[in-house]
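Trainee: Sequence and computational prediction follow.
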Amino acid sequence: MRFLKQSGFAWMLCGLLIAGMATSLSVSAQNKPMKHAHRAQLATGAALAPDGRLWVVGLNERGQLFTQSSPAQALGQWTAPVVLNTQQDEIAAEGESRPKMAFGPQGWAVVTYTQPLPKPYTGFVRMLRSTDGGQTFSAPFTVHQDRQEITHRFESILFDAQGNLHTLWIDKRDMPPKGTGPKYIGAAIYGNVSKDGGTTFGQDYKLADHSCECCRIAMTHTPDGKVAAVWRHVFGEQTRDHGFAFLPDASAVPAQGQTKIPVRSTFDDWQINACPHHGPGLAVNNAKATQTGFHMVWFGIRKQEGQDVAGVRYARLNDKGQPLLDTVRALPDARAEHADVMAHKQRVVVVWRASDGSATSLKAWVSDDEGQNFSLKVLGQTTGPNDHPRIVQRSEKMLVVWRDTKEIKVYDVSQ
């Protein structure tokens with residue numbers, strides 16, 4: 001396991017410290033326009049290109065969107081940052097809402113971000129498109145067809161094995177005007193598909209009703225090259241567990257009005273009338289054909305001997321997205337938050353950050369037997385503000401990207 005030191009930019013500490021966390025949370029105003037903020041935002045996206053080059057996308061100290069890359073043969077030797085033309089969009093780059101990057105075939109690359117709008121908690125999902133592997137990008141454009149000044153936020157992107165670009169986001173277009181119609185709980189998960197790397201898009205479709213409003217969506221490939229997703233979902237009135245669904249094929253997008261009832265993938269039974277801003281992580285288990293399924297990490301609060309116990313948990317899911325209950329276990333860190341997970345064959349890596357109030361540690365839980373047994377490793381530590389860690393993967397290559405006030409740190413957890 002190697003640590004590769006990178007240069008970086010200033011940002012603030014954001015996210016949820018779960019130690020001693022109460023069960024009553026308030027919804028934060030994390031997507032208010034940057035002109036109202038008094039600090040830089042440093043939530044950063046990362047991706048591995050087909051040639052193994054590591055790319056990052058985020059905001060610099062002036063609030064400009066930039067990309068930067070490092071070659072596979074010399075990780076740690078960055079190119080100069082390239083500022084992208086975002087046409088003066090406000091950009092959300094804090095906590096669970098971060099710019100993202102994805103690579104497809106034929107030199108396609110896309111960058112996405114949420115553009116906050118004047119009304120609180122509203123936004124557009126914006127995208128820039130490249131046909132030369134990220135060397136140059138188009139002007140930004142809005143991905144979804146709906147253009148109301150409502151919630152379209154917390155997007156997630158992934159190319160499937162056929163080269164189709166899937167975009168999902170949290171959407172509130174189905175909420176009736178205030179004082180009219182029946183109560184609509186939470187938001188919805190909407191998506192669309194592009195068959196040409198972001199040049200054109202199919203119609204917006206609704207994947208599921210009643211998602212939580214402000215948690216990231218996790219996406220991963222399936223063993224047959226399609227895409228699965230998991231998100232925090234509202235079951236019943238206010239039970240905030242997680243829903244799982246397979247995304248439709250590009251040629252089989254559901255008609256307007258059709259929606260899926262998601263598979264329930266966690267059973268914490270957390271009753272809360274607010275969004276925890278703490279989304280899940282998901283990875284496909286491709287180790288053995290007889291044990292296909294998924295690895296998942298999430299944060300929740302559950303009753304244990306009459307007490308509310310907060311924690312980040314790991315579990316295996318079967319090939320339908322249902323939890324294998326005998327695999328559910330808490331991470332070995334009561335302060336763990338904002339975990340991510342990736343897997344390749346027998347190797348499974350879970351990463352998270354944990355703060356003691358004065359310093360923040362980056363930790364990894366590593367398994368070489370498909371998640372049956374894990375060993376705990378401390379990858380790094382920092383004082384002051386820092387981003388949530390993210391794992392990026394291409395085949396057997398797995399890198400953890402973690403940004404603090406001084407640098408972007410990269411850890412190789414491939415072996």
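Mentor: Received it, and whenever you're ready, just let me know what you need.

Trainee: what does the one helix or strand Glu155 maps to contact?
Mentor: Assessed by DSSP states H and E, Glu155 sits inside strand 152-159. Identification of contacts with strand 152-159 by CB atoms under 8 Å, 6 or more residues apart in numbering yields 31, 92, 96-97, 100, 102-105, 108, 110, 112, 114, 121-125, 143-144, 146, 165-171, 190, 214-221, 227, 229, 279. Where you see a C-beta, it was placed from the backbone N, CA and C, and this is true even at glycine.

Trainee: May I have it exported as CSV, CA atoms only?
Mentor: What follows is strand 152-159, C-alpha atoms only, in CSV (Å, rounded to 0.1, in the frame of the first residue of the first chain):
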residue,chain,number,x,y,z
HIS,A,152,-32.0,18.6,-9.4
ARG,A,153,-28.9,17.8,-7.3
PHE,A,154,-26.5,15.2,-6.1
GLU,A,155,-25.9,13.7,-9.5
SER,A,156,-23.9,10.5,-10.1
ILE,A,157,-22.5,9.3,-13.4
LEU,A,158,-21.2,6.1,-14.9
PHE,A,159,-20.5,4.6,-18.3
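
Trainee: average pLDDT for it?
Mentor: The average pLDDT within strand 152-159 is 98.

Trainee: Check stretch 130-149 too.
Mentor: On average, stretch 130-149 scores 98.

Trainee: Same check on stretch 179-198?
Mentor: pLDDT averaged over stretch 179-198 gives 92.

Trainee: Check the secondary structure at Lys119 for me.
Mentor: Using DSSP: H, G, I helix; E, B strand; the rest coil, the structure places Lys119 in coil.

Trainee: now swap in the one 10 residues further on and tell me
Mentor: Following three-state DSSP, we place Arg129 in the strand state.

Trainee: got the contact list for it?
Mentor: By CB under 8 Å, 6+ apart, Arg129 lies in contact with Trp108, Ala109, Val110, Phe137, Ser138, Phe141, Gly197, Gly198, Thr199.

Trainee: Now for the first one: which residues touch it?
Mentor: Trp108 makes contact with Arg129, Ser130, Thr131, Phe159, Gly163, Leu165, Gly197, Gly198 under the criterion CB under 8 Å, 6+ apart.

Trainee: how about a cut-off of 7 Å?
Mentor: Neighbouring residues of Trp108 by CB atoms under 7 Å, 6 or more residues apart in numbering: Ser130, Thr131, Gly197.

Trainee: where do the helices sit along the chain?
Mentor: Secondary structure of the chain (DSSP state H): no helices present.
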